[in-house]
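Colleague: show me the folded form of this:
(chains A and B)
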Amino acid sequence: MTDQQVTLSRLAAAGFDIDAFTEEQQEVLRKLTPHEVAVLLDLKHRLDEVGPEVQAHSEIAGGALF
Amino acid sequence: MSRPSASTAPSRPSDSAAASRPSASAALRTKLALTTPLLRAATTALWQPDSLRPRYLNYLAAMHGLIQASVPLLELAAEWCDRQPPGDPLAAPLARYFRLHAEQERGHDDWLLADLAAAGAEAPSALPPVVVAELSGAQYYWIRHHHPVVLLGYIAALEGNAPAPWLADRLAEHTGLPPAAFRTLRDHAALDTGHLADLENLLDELPLTAAQQTAVAVSALHTVDGITRLFRQLADTSEHPGAPG
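Modeller: Presented below is the predicted three-dimensional model:
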């Protein structure tokens, strides 16, 4: 398995829905650097500890401000 | 689940290989799309109707802590662009963008204080949440010790998750607070779409190296991590210390 395949596998194993991305988008994700993957996995693991996600039908409410 | 949106328009193709690559903004959008379900879950918890009034006041106070750093960060980034070595092709266009954006954002922290006052709450006086300091603090570090281009990731993450246009009305209905308590949400819902488009245009115009694209993405993902944790923390609150009895 190549490094790029490992990247997608690691993201999928962590619970990211890789199949929802187009092939072109997956190409971007295959090329994620170790640093980017580390931040993503950290984010996912920390939130998984909080409890079940309410994702399926929730609205995009937003709320971040700059 | 629908496919995450990401434009595949090439950015300034200089050869056929470049023409087949997604633009810098599209690549960043794809990376951020991984986090959309997580952020969506956090905002769903944040805006749940139960105890929404005190939670909204805590949200305003926390956002004041965050937004009061926006203009200083932009000004610092512009200053450090000026300090980059001669020949840095990012320095001049970034400095122009940061200075223009600073003027666009100036005074928005006062909007939050006005919203709090309209809601009958006092101005925040407590120490802002640790995660607020982590969010803006990381940017101060990266601007000074890496490169000010990193701030683009922070801005992309925050303005890319701006309040939905209907959010202010929904919150007003559930909290019973007057319309004047929602000016920041209303105005940011309208303003941030244009700001995000400006930012994406800039990303596609800059001659970013692969390492700089990664730095921007790490900054953006770190910001999503922080804002998600902040929203989770706020979702767990049911009292606001400055609220009227």
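Colleague: for B:Asn101, list the residues it contacts.
Modeller: For the record, residue B:101 is His, not Asn. By Cβ atoms under 8 Å, 6 or more residues apart in numbering or on different chains, the residues touching B:His101 are B:74, B:155, B:195, B:198. In this view, the C-beta of every residue, glycine as well, is placed from N, C-alpha and C.
Colleague: can you name the helix or strand that the residue nearest the centre of chain B falls in?
Modeller: Closest residue to the average C-alpha location of chain B: B:Leu158 at 1.7 Å, with Cα atoms, centre = their mean. B:Leu158 is part of helix B:151-159 when elements are defined by DSSP states H and E.
Colleague: mean confidence score for that helix?
Modeller: Averaged over helix B:151-159, pLDDT sits at 96.
Colleague: any residue of it touching chain A?
Modeller: Yes: judged by Cβ under 8 Å from any Cβ of the partner chain, helix B:151-159 comes into contact with chain A at B:154-155, B:157-159.
Colleague: likewise stretch B:228-237?
Modeller: Yes: counting by Cβ under 8 Å from any Cβ, contacts between stretch B:228-237 and chain A involve B:228-229, B:231-232.
Colleague: average pLDDT across the strand or helix carrying B:Val218?
Modeller: Assigned by DSSP H and E, B:Val218 falls within helix B:210-235. For helix B:210-235, the mean per-residue pLDDT is 96.
Colleague: residues of that helix that come out buried?
Modeller: Neighbour-count burial for helix B:210-235 flags B:212-235 (criterion: 16 or more other Cβ atoms under 10 Å in any protein chain shown).
Colleague: and for stretch B:37-52?
Modeller: B:37-47, B:52.
Colleague: distance check, A:Asp48 against A:Asp42.
Modeller: 11 Å (Cβ to Cβ, to the nearest Å).
Colleague: and residue 25, what pLDDT?
Modeller: Let's take chain A. Reported pLDDT for A:Gln25: 95.
Colleague: actually it's chain B I care about, not the one you picked
Modeller: For B:Ser25, pLDDT reads 97.
Colleague: check the one 5 residues further on too.
Modeller: In this prediction, B:Thr30 carries a pLDDT score of 97.
Colleague: next one: the one 5 residues further on
Modeller: With respect to pLDDT, B:Thr35 scores 92.
Colleague: secondary structure and distance to chain A added to the buried residues of stretch B:37-52, as JSON lines?
Modeller: Conversion of the buried residues of stretch B:37-52 to JSON lines gives the following (DSSP: H, G, I helix; E, B strand; the rest coil; distance: Cβ to the nearest Cβ, whole Å):
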{"residue": "B:Pro37", "secondary structure": "helix", "distance to chain A": "4"}
{"residue": "B:Leu38", "secondary structure": "helix", "distance to chain A": "5"}
{"residue": "B:Leu39", "secondary structure": "helix", "distance to chain A": "8"}
{"residue": "B:Arg40", "secondary structure": "helix", "distance to chain A": "5"}
{"residue": "B:Ala41", "secondary structure": "helix", "distance to chain A": "4"}
{"residue": "B:Ala42", "secondary structure": "helix", "distance to chain A": "8"}
{"residue": "B:Thr43", "secondary structure": "helix", "distance to chain A": "5"}
{"residue": "B:Thr44", "secondary structure": "helix", "distance to chain A": "4"}
{"residue": "B:Ala45", "secondary structure": "helix", "distance to chain A": "7"}
{"residue": "B:Leu46", "secondary structure": "helix", "distance to chain A": "6"}
{"residue": "B:Trp47", "secondary structure": "coil", "distance to chain A": "5"}
{"residue": "B:Leu52", "secondary structure": "helix", "distance to chain A": "12"}
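Colleague: closest one of those residues to A:Ile18?
Modeller: Here the nearest of the buried residues of stretch B:37-52 to A:Ile18, counting by Cβ to Cβ, is B:Pro37; it sits at 12.3 Å.
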